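Asks: please work out how this folds:
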Amino acid sequence: MCTEMKDPYGRTIDYLRISVTDRCNLRCSYCMPQGVNLTSHDQILRYEEILMICQEALSLGICNFKITGGEPLVRKGILSFIEELRKLKGVQTVTLTTNGVLLEPYIEALKQIGIDAINISLDTADPIEYRQITGFDLWSRVHASILKSVESGIPTKLNCVLLEGGQDRILPLSCYARDYPVDVRFIELMPLGLGRDLGGLSPDAARKQLLTAYPDLHPVDEKRGNGPAHYEASTFLKGRIGWVDALSHKFCQTCNRIRLTSTGILKPCLCYDASYDLLRELRSGDSVPQICEKIHSLVRQAILEKPMEHCFEKTGRITEHRNMSEIGG
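Replies: Residues are numbered from 1 along each chain as shown. Now for the predicted structure:
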(Lines give C-alpha, C1' and ligand atoms only; values in the text may rest on other atoms or scores of the structure.)
Protein backbone atom coordinates (compact mmCIF):
# COMPACT_ATOMS: atom_id res chain seq x y z
CA MET A 1 0.00 0.00 0.00
CA CYS A 2 1.23 3.50 -0.83
CA THR A 3 0.71 6.43 1.52
CA GLU A 4 -2.36 8.46 0.60
CA MET A 5 -2.18 12.16 -0.16
CA LYS A 6 -5.39 14.12 -0.54
CA ASP A 7 -6.05 17.34 -2.42
CA PRO A 8 -7.99 20.25 -0.85
CA TYR A 9 -11.32 18.57 -1.70
CA GLY A 10 -10.55 15.26 -0.01
CA ARG A 11 -9.73 13.33 -3.17
CA THR A 12 -6.91 10.80 -2.96
CA ILE A 13 -4.38 11.55 -5.71
CA ASP A 14 -2.63 8.31 -6.58
CA TYR A 15 -2.37 8.35 -10.40
CA LEU A 16 0.19 10.04 -12.68
CA ARG A 17 -0.23 10.10 -16.46
CA ILE A 18 3.19 10.44 -18.10
CA SER A 19 3.67 11.55 -21.69
CA VAL A 20 7.06 10.36 -22.92
CA THR A 21 6.92 12.05 -26.33
CA ASP A 22 4.91 14.53 -28.40
CA ARG A 23 5.67 12.56 -31.56
CA CYS A 24 3.15 10.29 -33.26
CA ASN A 25 3.15 8.06 -36.34
CA LEU A 26 -0.49 8.90 -37.21
CA ARG A 27 -2.14 12.16 -38.27
CA CYS A 28 -5.64 11.89 -36.85
CA SER A 29 -8.10 14.47 -38.14
CA TYR A 30 -9.11 15.64 -34.66
CA CYS A 31 -5.61 15.70 -33.17
CA MET A 32 -2.68 16.54 -35.46
CA PRO A 33 -3.77 16.23 -39.13
CA GLN A 34 -0.90 18.45 -40.32
CA GLY A 35 1.51 17.33 -37.62
CA VAL A 36 2.75 19.58 -34.81
CA ASN A 37 5.79 21.72 -34.11
CA LEU A 38 7.89 19.02 -32.53
CA THR A 39 9.88 19.83 -29.44
CA SER A 40 13.65 19.41 -29.76
CA HIS A 41 15.06 16.30 -28.12
CA ASP A 42 17.03 18.30 -25.58
CA GLN A 43 13.79 19.77 -24.24
CA ILE A 44 12.21 16.34 -23.69
CA LEU A 45 12.56 14.66 -20.31
CA ARG A 46 15.20 11.95 -20.24
CA TYR A 47 14.08 8.60 -18.87
CA GLU A 48 16.25 8.97 -15.78
CA GLU A 49 14.59 12.32 -15.11
CA ILE A 50 11.12 10.80 -15.39
CA LEU A 51 12.14 8.04 -12.99
CA MET A 52 13.38 10.65 -10.52
CA ILE A 53 9.99 12.40 -10.71
CA CYS A 54 8.18 9.07 -10.25
CA GLN A 55 10.29 8.30 -7.20
CA GLU A 56 9.23 11.57 -5.58
CA ALA A 57 5.63 11.00 -6.65
CA LEU A 58 5.73 7.59 -4.98
CA SER A 59 6.83 9.20 -1.72
CA LEU A 60 3.66 11.30 -1.91
CA GLY A 61 1.31 8.38 -2.48
CA ILE A 62 1.18 8.27 -6.27
CA CYS A 63 1.57 4.60 -7.07
CA ASN A 64 -0.30 4.14 -10.37
CA PHE A 65 1.30 5.28 -13.62
CA LYS A 66 0.03 5.56 -17.21
CA ILE A 67 2.53 5.83 -20.09
CA THR A 68 1.19 7.91 -22.98
CA GLY A 69 2.32 10.19 -25.80
CA GLY A 70 1.97 11.22 -28.64
CA GLU A 71 2.67 7.61 -29.43
CA PRO A 72 4.94 6.21 -26.69
CA LEU A 73 6.20 3.27 -28.75
CA VAL A 74 7.95 5.57 -31.23
CA ARG A 75 10.43 6.56 -28.51
CA LYS A 76 13.64 4.56 -28.46
CA GLY A 77 14.25 2.60 -25.25
CA ILE A 78 10.65 2.68 -24.10
CA LEU A 79 10.62 -0.97 -22.96
CA SER A 80 13.64 -0.52 -20.72
CA PHE A 81 12.07 2.59 -19.22
CA ILE A 82 8.79 0.79 -18.48
CA GLU A 83 10.74 -2.07 -16.92
CA GLU A 84 12.66 0.31 -14.65
CA LEU A 85 9.48 2.11 -13.66
CA ARG A 86 7.73 -1.17 -12.87
CA LYS A 87 10.62 -2.11 -10.56
CA LEU A 88 10.39 1.01 -8.38
CA LYS A 89 9.42 0.16 -4.81
CA GLY A 90 5.80 0.99 -4.12
CA VAL A 91 4.56 0.95 -7.71
CA GLN A 92 1.18 -0.74 -7.90
CA THR A 93 0.31 -0.47 -11.59
CA VAL A 94 1.93 0.64 -14.83
CA THR A 95 -0.30 0.77 -17.90
CA LEU A 96 0.23 1.86 -21.49
CA THR A 97 -1.89 3.81 -23.97
CA THR A 98 -0.91 3.33 -27.63
CA ASN A 99 -2.40 3.63 -31.10
CA GLY A 100 -1.42 0.00 -31.64
CA VAL A 101 0.46 0.44 -34.91
CA LEU A 102 3.82 -0.64 -33.42
CA LEU A 103 2.45 -2.71 -30.56
CA GLU A 104 2.32 -6.32 -31.79
CA PRO A 105 6.07 -7.14 -31.60
CA TYR A 106 6.30 -5.53 -28.14
CA ILE A 107 3.52 -7.49 -26.47
CA GLU A 108 5.48 -10.49 -25.23
CA ALA A 109 8.18 -8.26 -23.78
CA LEU A 110 5.55 -6.06 -22.13
CA LYS A 111 3.99 -9.13 -20.57
CA GLN A 112 7.37 -10.25 -19.23
CA ILE A 113 7.99 -6.77 -17.80
CA GLY A 114 4.67 -6.98 -16.00
CA ILE A 115 2.60 -4.31 -17.76
CA ASP A 116 -0.76 -4.21 -15.99
CA ALA A 117 -2.99 -3.20 -18.91
CA ILE A 118 -2.86 -1.85 -22.45
CA ASN A 119 -5.26 0.71 -23.92
CA ILE A 120 -5.36 0.80 -27.72
CA SER A 121 -6.83 3.80 -29.54
CA LEU A 122 -9.13 2.84 -32.41
CA ASP A 123 -11.92 5.10 -33.68
CA THR A 124 -13.36 2.85 -36.37
CA ALA A 125 -13.53 -0.84 -37.25
CA ASP A 126 -13.53 -0.03 -40.96
CA PRO A 127 -10.13 0.03 -42.75
CA ILE A 128 -11.20 2.70 -45.26
CA GLU A 129 -12.54 5.01 -42.55
CA TYR A 130 -9.39 4.34 -40.53
CA ARG A 131 -7.28 5.75 -43.35
CA GLN A 132 -9.57 8.76 -43.64
CA ILE A 133 -9.31 9.50 -39.90
CA THR A 134 -5.62 8.72 -39.33
CA GLY A 135 -4.07 9.43 -42.72
CA PHE A 136 -2.55 5.94 -42.99
CA ASP A 137 -3.60 2.51 -44.22
CA LEU A 138 -2.59 0.70 -41.02
CA TRP A 139 -5.86 -0.67 -39.64
CA SER A 140 -4.80 -4.29 -40.12
CA ARG A 141 -1.71 -3.76 -37.95
CA VAL A 142 -3.79 -2.29 -35.14
CA HIS A 143 -6.30 -5.13 -35.42
CA ALA A 144 -3.47 -7.68 -35.20
CA SER A 145 -2.11 -5.90 -32.12
CA ILE A 146 -5.50 -6.07 -30.44
CA LEU A 147 -5.79 -9.81 -31.05
CA LYS A 148 -2.21 -10.44 -29.89
CA SER A 149 -2.76 -8.39 -26.73
CA VAL A 150 -5.92 -10.33 -25.90
CA GLU A 151 -4.18 -13.63 -26.61
CA SER A 152 -1.34 -12.69 -24.25
CA GLY A 153 -3.75 -12.29 -21.34
CA ILE A 154 -2.87 -8.64 -20.73
CA PRO A 155 -6.07 -6.74 -19.83
CA THR A 156 -6.92 -4.87 -23.02
CA LYS A 157 -9.16 -1.86 -23.64
CA LEU A 158 -10.03 0.04 -26.80
CA ASN A 159 -10.33 3.82 -26.66
CA CYS A 160 -12.76 5.16 -29.27
CA VAL A 161 -13.28 8.92 -29.63
CA LEU A 162 -16.89 9.85 -30.36
CA LEU A 163 -16.58 11.83 -33.60
CA GLU A 164 -19.35 13.78 -35.29
CA GLY A 165 -21.22 11.69 -37.84
CA GLY A 166 -19.83 8.49 -36.37
CA GLN A 167 -23.11 6.75 -35.45
CA ASP A 168 -22.41 3.92 -37.86
CA ARG A 169 -19.05 3.20 -36.21
CA ILE A 170 -20.47 2.37 -32.79
CA LEU A 171 -21.84 -1.14 -33.34
CA PRO A 172 -18.88 -2.43 -35.39
CA LEU A 173 -16.50 -1.21 -32.67
CA SER A 174 -18.62 -2.87 -29.98
CA CYS A 175 -18.05 -6.21 -31.70
CA TYR A 176 -14.61 -6.34 -30.09
CA ALA A 177 -16.36 -6.50 -26.70
CA ARG A 178 -18.83 -9.00 -28.11
CA ASP A 179 -16.22 -11.39 -29.52
CA TYR A 180 -13.32 -10.92 -27.08
CA PRO A 181 -12.81 -10.13 -23.38
CA VAL A 182 -12.05 -6.52 -24.35
CA ASP A 183 -13.49 -3.34 -22.85
CA VAL A 184 -14.56 -0.91 -25.57
CA ARG A 185 -14.58 2.63 -24.18
CA PHE A 186 -16.27 5.55 -25.92
CA ILE A 187 -14.63 8.90 -25.16
CA GLU A 188 -16.19 12.32 -25.58
CA LEU A 189 -14.18 14.63 -27.80
CA MET A 190 -12.37 17.12 -25.57
CA PRO A 191 -12.63 20.85 -26.44
CA LEU A 192 -8.84 21.25 -26.63
CA GLY A 193 -6.76 22.00 -29.70
CA LEU A 194 -8.71 21.09 -32.84
CA GLY A 195 -11.38 19.61 -30.58
CA ARG A 196 -12.54 23.15 -29.80
CA ASP A 197 -13.93 23.55 -33.32
CA LEU A 198 -15.01 20.00 -34.12
CA GLY A 199 -18.33 18.49 -33.18
CA GLY A 200 -18.50 15.18 -31.39
CA LEU A 201 -21.12 12.46 -31.21
CA SER A 202 -22.95 12.51 -27.88
CA PRO A 203 -22.67 9.49 -25.56
CA ASP A 204 -26.49 9.30 -25.50
CA ALA A 205 -26.58 8.93 -29.28
CA ALA A 206 -23.89 6.26 -29.15
CA ARG A 207 -25.73 4.36 -26.42
CA LYS A 208 -28.94 4.35 -28.47
CA GLN A 209 -27.03 2.56 -31.21
CA LEU A 210 -25.70 0.00 -28.73
CA LEU A 211 -29.16 -0.73 -27.30
CA THR A 212 -30.35 -1.92 -30.71
CA ALA A 213 -27.89 -4.83 -30.46
CA TYR A 214 -27.61 -5.19 -26.67
CA PRO A 215 -31.06 -4.39 -25.21
CA ASP A 216 -30.00 -5.55 -21.74
CA LEU A 217 -27.04 -3.15 -21.56
CA HIS A 218 -26.88 -1.97 -17.97
CA PRO A 219 -24.46 -0.16 -15.63
CA VAL A 220 -22.14 -2.23 -13.44
CA ASP A 221 -20.31 -1.02 -10.36
CA GLU A 222 -16.86 -2.31 -11.27
CA LYS A 223 -13.40 -0.78 -11.01
CA ARG A 224 -11.63 -1.76 -14.22
CA GLY A 225 -8.56 0.47 -14.05
CA ASN A 226 -7.34 3.69 -12.50
CA GLY A 227 -9.22 6.12 -14.73
CA PRO A 228 -12.69 7.68 -14.63
CA ALA A 229 -14.54 5.36 -17.03
CA HIS A 230 -17.83 3.88 -15.92
CA TYR A 231 -18.94 0.61 -17.44
CA GLU A 232 -21.93 -1.32 -18.72
CA ALA A 233 -22.45 -5.03 -19.28
CA SER A 234 -24.66 -7.24 -21.42
CA THR A 235 -25.20 -10.97 -21.67
CA PHE A 236 -24.26 -10.57 -25.35
CA LEU A 237 -20.81 -9.20 -24.52
CA LYS A 238 -17.62 -10.90 -23.33
CA GLY A 239 -16.13 -7.54 -22.38
CA ARG A 240 -17.60 -4.27 -21.15
CA ILE A 241 -18.72 -1.03 -22.73
CA GLY A 242 -17.06 1.93 -21.05
CA TRP A 243 -17.79 5.63 -21.10
CA VAL A 244 -15.31 8.46 -20.54
CA ASP A 245 -17.71 11.37 -20.78
CA ALA A 246 -16.11 14.31 -19.04
CA LEU A 247 -18.58 16.82 -20.47
CA SER A 248 -21.94 15.09 -20.12
CA HIS A 249 -21.09 13.01 -17.04
CA LYS A 250 -18.71 15.22 -15.06
CA PHE A 251 -16.56 13.06 -12.79
CA CYS A 252 -14.35 15.68 -11.16
CA GLN A 253 -15.53 14.66 -7.69
CA THR A 254 -13.64 11.38 -8.08
CA CYS A 255 -10.61 12.69 -9.99
CA ASN A 256 -7.44 11.00 -8.75
CA ARG A 257 -4.77 12.14 -11.21
CA ILE A 258 -2.19 14.68 -12.28
CA ARG A 259 -0.37 14.80 -15.61
CA LEU A 260 3.26 15.10 -16.68
CA THR A 261 4.05 16.30 -20.20
CA SER A 262 7.07 15.12 -22.16
CA THR A 263 8.64 18.54 -21.61
CA GLY A 264 8.44 18.23 -17.83
CA ILE A 265 5.34 20.31 -17.20
CA LEU A 266 3.23 18.98 -14.32
CA LYS A 267 -0.49 19.71 -14.70
CA PRO A 268 -3.03 19.33 -11.88
CA CYS A 269 -5.98 19.57 -14.32
CA LEU A 270 -6.30 19.09 -18.07
CA CYS A 271 -8.58 22.12 -18.44
CA TYR A 272 -6.33 24.86 -17.11
CA ASP A 273 -2.86 26.11 -17.95
CA ALA A 274 -1.75 26.18 -14.30
CA SER A 275 1.39 24.06 -14.24
CA TYR A 276 4.78 23.43 -12.65
CA ASP A 277 8.05 23.31 -14.58
CA LEU A 278 9.92 20.23 -13.35
CA LEU A 279 12.41 20.21 -16.22
CA ARG A 280 13.83 23.53 -15.10
CA GLU A 281 14.47 22.16 -11.62
CA LEU A 282 15.90 18.90 -12.92
CA ARG A 283 18.50 20.80 -14.96
CA SER A 284 19.16 23.60 -12.49
CA GLY A 285 22.67 22.35 -11.73
CA ASP A 286 21.83 21.76 -8.09
CA SER A 287 22.89 18.60 -6.26
CA VAL A 288 20.71 15.50 -6.64
CA PRO A 289 19.33 15.76 -3.07
CA GLN A 290 18.43 19.42 -3.69
CA ILE A 291 16.73 18.56 -6.98
CA CYS A 292 14.77 15.73 -5.38
CA GLU A 293 13.64 18.05 -2.61
CA LYS A 294 12.41 20.64 -5.13
CA ILE A 295 10.64 18.02 -7.27
CA HIS A 296 8.98 16.60 -4.15
CA SER A 297 7.81 20.07 -3.18
CA LEU A 298 6.38 20.86 -6.63
CA VAL A 299 4.52 17.55 -6.94
CA ARG A 300 3.07 18.15 -3.48
CA GLN A 301 2.12 21.70 -4.45
CA ALA A 302 0.40 20.49 -7.62
CA ILE A 303 -1.74 18.14 -5.55
CA LEU A 304 -2.56 20.77 -2.93
CA GLU A 305 -3.50 23.31 -5.61
CA LYS A 306 -5.58 20.97 -7.74
CA PRO A 307 -8.81 22.77 -8.74
CA MET A 308 -12.20 21.47 -7.68
CA GLU A 309 -13.45 20.83 -11.22
CA HIS A 310 -12.92 21.49 -14.90
CA CYS A 311 -14.97 23.93 -16.97
CA PHE A 312 -15.04 22.16 -20.33
CA GLU A 313 -18.76 22.88 -20.61
CA LYS A 314 -17.87 26.60 -20.64
CA THR A 315 -15.22 26.81 -23.33
CA GLY A 316 -14.60 30.50 -22.76
CA ARG A 317 -13.16 29.71 -19.34
CA ILE A 318 -10.71 27.05 -20.55
CA THR A 319 -7.17 28.39 -20.19
CA GLU A 320 -5.24 25.41 -21.61
CA HIS A 321 -4.35 26.09 -25.25
CA ARG A 322 -1.98 23.22 -25.97
CA ASN A 323 -3.04 20.28 -28.11
CA MET A 324 -3.68 16.91 -26.48
CA SER A 325 -0.62 15.51 -28.27
CA GLU A 326 1.52 18.09 -26.43
CA ILE A 327 -0.06 17.34 -23.06
CA GLY A 328 -0.43 13.58 -23.31
CA GLY A 329 -3.49 11.47 -24.08
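Asks: all strands of this protein, in order?
Replies: 15-19, 64-68, 93-98, 117-121, 156-162, 183-188, 218-220, 230-233, 241-244, 257-260, 265-267, 276-277 (DSSP state E).
Asks: so, low pLDDT: which residues of this structure?
Replies: Under the criterion of pLDDT under 70, the regions of the chain flagged as low confidence span 1-2, 35-36, 191-198, 271, 311-329.
Asks: list the helices and strands the longest helix along it packs on?
Replies: Of all the elements of type helix in the chain, the one with the most residues (DSSP state H) is helix 288-304. Using 3 or more CB pairs under 8 Å, 6 or more residues apart in numbering; DSSP states H and E, the elements in contact with helix 288-304 are helix 47-59, strand 257-260, strand 265-267, strand 276-277, helix 278-282. Any C-beta I mention is one placed from the backbone N, CA and C, and that applies to glycine too.
Asks: would you mind giving these as CSV with distance to E104 and mean neighbour count added?
Replies: Compiled in CSV, the helices and strands packed on helix 288-304 are given as follows (distance: least, CB to CB, whole Å; neighbours: other CB atoms under 10 Å):
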stretch, distance to E104, mean neighbour count
helix 47-59, 23, 20
strand 257-260, 27, 24
strand 265-267, 32, 22
strand 276-277, 37, 16
helix 278-282, 33, 19
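Asks: so which of these gets nearest E164?
Replies: E164 lies closest to strand 257-260 among the helices and strands packed on helix 288-304, at 26.1 Å (CB to CB).
Asks: got the angle between the longest helix of the chain and helix 47-59?
Replies: An angle of 60 degrees separates the directions of helix 288-304 and helix 47-59 when computed by axes from the mean of the first three to the mean of the last three CA atoms, to 10 degrees.
Asks: now do the same contact list for T124.
Replies: The neighbourhood of T124, defined by CB atoms under 8 Å, 6 or more residues apart in numbering, consists of 130, 133, 139, 166, 169, 172-173.
Asks: make TSV out of the helices and strands packed on helix 288-304 and add distance to T95.
Replies: As requested, those are exported to TSV (distance: least, CB to CB, whole Å):
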stretch	distance to T95
helix 47-59	14
strand 257-260	12
strand 265-267	19
strand 276-277	23
helix 278-282	21
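Asks: ok, which of the ones you listed comes nearest C292?
Replies: C292 sits nearest to helix 47-59 of all the helices and strands packed on helix 288-304, at 6.0 Å, using CB to CB.
Asks: hey, what's the angle from the closest one to strand 15-19? Just curious.
Replies: Going by the same axes, to 10 degrees, helix 47-59 is angled at 170 degrees with respect to strand 15-19.
Asks: use 3 as the first number from now on
Replies: Fine by me, first position is 3 from now on; the one you just mentioned is helix 49-61.
Asks: just checking, what packs against helix 49-61?
Replies: Helices and strands touching helix 49-61, as assessed by 3+ CB pairs under 8 Å, 6+ apart, comprise strand 17-21, helix 80-89, helix 280-284, helix 290-306.
Asks: go again using 10 Å as the cut-off
Replies: Contact analysis of helix 49-61 by 3 or more CB pairs under 10 Å, 6 or more residues apart in numbering; DSSP states H and E lists strand 17-21, strand 66-70, helix 80-89, strand 259-262, helix 280-284, helix 290-306 as its packing neighbours.
Asks: filter the contacts of T126 to the buried ones?
Replies: Buried subset of those (neighbour count, 16 or more other CB atoms under 10 Å): 132, 135, 141, 168, 171, 175.
Asks: against E106, how distant is T100?
Replies: The span separating T100 from E106 equals 11 Å under the rule CB to CB, to the nearest Å.
Asks: joint contacts of those two?
Replies: Taking CB atoms under 10 Å, 6 or more residues apart in numbering as the contact criterion, the residues that touch both T100 and E106 are 144, 147, 151.
Asks: okay, the residues you listed in TSV with distance to V96 and neighbour count next?
Replies: Written out in TSV, the entries for the shared contacts of T100 and E106 read as follows (distance: CB to CB, whole Å; neighbours: other CB atoms under 10 Å):
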residue	distance to V96	neighbour count
V144	22	24
S147	18	24
S151	15	28
